[in-house]
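**Student:** the sequence and its predicted three-dimensional model are supplied below.
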Amino acid sequence: MKKALSKFLASLGISGSKEVKKTVQDNSYSQRINDIKFTDQQGNEISKEELSQATGRYNYAVYSKNKSSDKAKKLHQKAREYGQKGDYTEAISHLEEAIHDSPEWAYPYYDLAYTYLLNDDFEKALKYYELTDKVAPNGFFTSKTAVDVLRKEKKGVFSEGLYKNYMTLEWIDNPQEKAQMLKLLVDNYPSLAPAWKDYSNFLEGEERLQAIEKGLNENPDIETEGVLTINKALVLNLNGQFNEAKELLMQVIFNSKSTFGNQELAKLVLNSISEENKKK
């Protein structure tokens, strides 16, 4: 893990640190038959009712409820244990068996893709992210973003390994260091829309809006586009532009291509800012 991170830092020439404001970034993604769970900045789970009363930034994740047998769940859990130990051969074997047992369950496809990504087998990583997207067309974690960036790597738009290096940023807990690395990432790869999405979460006001706009202008995948649009709506609402914010959220909600997670979050945000606007 540290070796991969060091390689990423060296490739971008990152050194030192920089002060930024703490914020929380979004982590959504799944399919229609799921539960959605939200957490606050401290990682505490909050209800949808509590979220509807809030105006802050939250993490949200969508978890698959069905389409998997008990056997597949056990195989998947065992695979993750092997993966955490660095035994990728056994992890792959168990994930393949889980897929064979429950072929309509997206999770083992997704983790198999990530395992291949960690092993620099980008062709197989793309294959299984595409299969994840096929099994869960309404979104599953970062599958749509992964497919988009890896396809661009394959076409030569991005350098090979960029998506893997981008993903290593999830391992960074220090917000100042993460913000600095994201800044250098968008400086070096300004057409990487997901990086603008993540970087904007460390900014405020006009700077945040500008970063969001830059991400939206870089032909983002539908998941990244949805998150950027929701974040833009939040900024506009804070600037007193409720009607403009409402219009953006409605676009996400009624876009048939939007991920389920983004549609649900847009509904909750719209409800929150609408209630807030009524009190003014």
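**Tutor:** Great, that's in hand. Only a predicted model underlies this, so the values are computations on that prediction, with no experimental measurement involved.
**Student:** number of residues surrounding Asn174?
**Tutor:** 10 (other Cβ atoms under 10 Å). (Each C-beta comes from the backbone N, C-alpha and C, glycine too.)
**Student:** let me fix that, I meant to ask about Glu97.
**Tutor:** 17.
**Student:** quick check: pLDDT value at it.
**Tutor:** Looking at Glu97, its pLDDT is 98.
**Student:** so which helix or strand takes in it?
**Tutor:** Using DSSP states H and E, Glu97 sits in helix 88-101.
**Student:** now do the buried residues in that helix.
**Tutor:** 88, 91-92, 94-95, 97-99, 101 (16 or more other Cβ atoms under 10 Å).
**Student:** same question for stretch 205-214.
**Tutor:** 208-209, 211-212, 214.
**Student:** again, but for stretch 187-205
**Tutor:** Under 16+ other Cβ under 10 Å, the buried positions of stretch 187-205 are 189, 191-203.
**Student:** about what we covered before: so which of the buried residues of stretch 205-214 are in helices?
**Tutor:** 208-209, 211-212, 214 (DSSP state H).
**Student:** what would those residues look like in CSV with distance to Ser258 and pLDDT?
**Tutor:** Shown next, in CSV, are these (distance: Cβ to Cβ, whole Å; pLDDT from 0 to 100):
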residue, distance to Ser258, pLDDT
Arg208, 22, 97
Leu209, 21, 97
Ala211, 21, 98
Ile212, 17, 98
Lys214, 21, 98
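**Student:** which of the residues you listed lies closest to Leu169?
**Tutor:** The shortest gap between Leu169 and any of those belongs to Ala211, at 15.5 Å (Cβ to Cβ).
**Student:** isn't that closest one up against Tyr199?
**Tutor:** Yes: counting by Cβ atoms under 8 Å, Ala211 touches Tyr199, with 5.6 Å between them.
**Student:** what's the overlap in contacts for those two?
**Tutor:** Val186 (Cβ atoms under 8 Å, 6 or more residues apart in numbering).
**Student:** re the thing from before, can I get the buried residues of stretch 187-205 in a markdown table including pLDDT and distance to Asp133?
**Tutor:** Putting these into a markdown table (pLDDT from 0 to 100; distance: Cβ to Cβ, whole Å) gives the following:
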| residue | pLDDT | distance to Asp133 |
| --- | --- | --- |
| Tyr189 | 97 | 23 |
| Ser191 | 98 | 21 |
| Leu192 | 98 | 19 |
| Ala193 | 98 | 17 |
| Pro194 | 97 | 16 |
| Ala195 | 98 | 21 |
| Trp196 | 98 | 22 |
| Lys197 | 97 | 19 |
| Asp198 | 96 | 21 |
| Tyr199 | 97 | 25 |
| Ser200 | 96 | 25 |
| Asn201 | 94 | 24 |
| Phe202 | 96 | 29 |
| Leu203 | 96 | 30 |
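**Student:** can I get the buried residues of stretch 205-214 in TSV with distance to Met181?
**Tutor:** Below are the buried residues of stretch 205-214 laid out as TSV (distance: Cβ to Cβ, whole Å):
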residue	distance to Met181
Arg208	18
Leu209	22
Ala211	15
Ile212	19
Lys214	17
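**Student:** could you pull out the strands for the stretch 51-200 of the chain?
**Tutor:** 59-64 (DSSP state E, counting those that start in this stretch).
**Student:** residue ranges with poor pLDDT in it?
**Tutor:** 51-66 (pLDDT under 70).
**Student:** can you map out the helices along it?
**Tutor:** Counting by DSSP state H, counting those that start in this stretch, the stretch 51-200 of the chain has helices at residues 70-85, 88-101, 106-118, 122-135, 143-155, 162-167, 175-188, 193-200.
**Student:** minimum distance to Ala266: which of those has it?
**Tutor:** Across the helices of the stretch 51-200 of the chain, closest to Ala266 is helix 193-200 (Cβ to Cβ), at 15.1 Å.
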